[in-house]
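# Next come a sequence and a model predicted from it.
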Amino acid sequence: MTQMVARKSLYESDYLLWTQDVVSKLRARDFDNVDLENLIEEIEDLGRSKKDELKSRLNTLLEHLLKRIYIDMPQEFNGWERTIREQQKHIEWLIEDNPSFKSIWHEYFSIAWRYAIKDVRKEYKKTQFPEIWQFGNDIESILNIDIWESDHP
């Protein structure tokens with residue numbers, strides 16, 4: 001009985017070497033030998049990864065904004081504010097590098113809001129949080145305003 005040994009592709013066995021091989025073949029215009037199936041999958045994953053990063057950073061930003069605005073724990077304010085500024089900066093960079101994110105901003109803001117409010121309500125059960133975001137949710141407002149310094153409900 002002959003045992004069939006499945007041979008792993010370069011993509012499966014050494015990802016870094018696979019990327020170098022694909023780049024080398026692309027640069028040499030050796031398109032017939034490029035692993036197109038896996039290359040297409042990787043390019044699709046890049047787009048998904050950037051979108052996931054935007055949602056994650058928005059979620060973290062909103063959680064910390066909610067904490068900073070509604071939780072009366074002055075000893076935590078500095079840390080929350082640092083996280084807010086850091087997330088704002090990274091979101092701004094993401095949008096600068098991916099201007100098409102502007103077209104999905106409101107959809108992703110809604111998704112991030114839904115998870116952020118759910119998480120802070122679990123963490124701070126005694127605090128009354130609003131059902132909807134009480135402030136401007138356009139990119140400019142979210143990235144540039146220190147919301148806790150304005151009047152809030």
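Arrived safely, thanks for sending. Residues are numbered from 1 along each chain as shown.

# quick one: contacts for residue 44?
Neighbour list for residue 44: empty [criterion: CB atoms under 8 Å, 6 or more residues apart in numbering]. Just so you know, the C-beta spots here come from the backbone N, C-alpha and C atoms, and that holds for glycine as well.

# Pick out the residue nearest the middle of the protein.
Residue closest to the average C-alpha location in the chain (CA atoms, centre = their mean): residue 53, at 1.5 Å.

# helices or strands up against the helix or strand bottoming out on mean pLDDT in the chain?
None of the helices or strands of the chain scores lower by mean pLDDT, DSSP states H and E than helix 10-13, at a mean of 87. Here helix 10-13 touches helix 15-27, going by 3 or more CB pairs under 8 Å, 6 or more residues apart in numbering; DSSP states H and E.

# got the buried residues for the helix it packs on?
Using 16 or more other CB atoms under 10 Å as the test for burial, helix 15-27 gives 18, 21, 22, 25.

# can you list the residues that contact it?
Against helix 15-27 from outside (CB under 8 Å, 6+ apart): 9, 10, 11, 31, 33, 34, 35, 38, 39.
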